[in-house]
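# mind looking at a prediction? Sequence and model below.
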Amino acid sequence: MPVDWTIHPSGEFAVLSVIDPYTFEEWSATVLAMLVATGAENPKMSLLVDRRRATPPSSEEVRQMVQFFERNRRALSGRSAAVVVSDDGGFGMARMIELRSRLELPDGIIRAFRSYDDAVVWLTGQAAV
């Protein structure tokens, strides 16, 4: 499945895996399912978005994602999210999402990472805050 999610073995955050090819509809449906499931158990559960096996999103996809964040502001409120990518293009687009989300989700935090391990360290530190 190109977009799937699970709870990290630590139980501290959910992991959304994105693998090419996928559609925005698949991405948004999976994210909604994850938000519903994790919100029932822990409404502030952090998220790790693993995009290491996906190409960078286009500017249009970033726009759609930011609109998705805006429409689902309540479910995302107070959550931290780490986006892990494998290349410079992906990092640039993840930074764009990070910066644009600051306007749409001022009480949520999204950070871009090139290292999965660094993202896990950051997320587990966020959970302790």
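It's in.
# phi first, then psi, for the closest residue to residue 47 other than its chain neighbours.
Distance criterion C-beta to C-beta, 6 or more residues apart in numbering; nearest residue to residue 47, sequence neighbours excluded, is residue 81 at 4.3 Å. In this view, the C-beta of every residue, glycine as well, is placed from N, C-alpha and C. Here is the backbone geometry of residue 81 (degrees, to the nearest 10): phi -140, psi 130.
# bridging residues for residue 81?
With DSSP bridges applied, residue 81 shows beta-bridge pairing to residue 47, residue 110.
# surely residue 18 is within a strand?
Yes. Counting by DSSP: H, G, I helix; E, B strand; the rest coil, residue 18 is found in a strand.
# hang on, it packs against residue 3?
Yes. The pair residue 18 / residue 3 is scored as a contact, 5.4 Å apart, by C-beta atoms under 8 Å.
# what touches both of the two?
With contacts taken as C-beta atoms under 8 Å, 6 or more residues apart in numbering, residue 18 and residue 3 have residue 27 as neighbours in common.
# thinking again about what came up before, and the residue nearest to residue 47, what does it touch?
Counting by C-beta under 8 Å, 6+ apart, residue 81 makes contact with 46-49, 108-111.
# could you work out the most separated pair of these?
48 and 108 (14.1 Å; C-beta to C-beta).
# of those two, which one has the most company?
Taking other C-beta atoms under 10 Å, residue 48 and residue 108 do not tie; residue 48 has more neighbours (23 against 19).
# quick one: that one from residue 84, how far?
To residue 84, residue 48 is 7 Å away according to C-beta to C-beta, to the nearest Å.
# what is in contact with these two at once?
116, 119.
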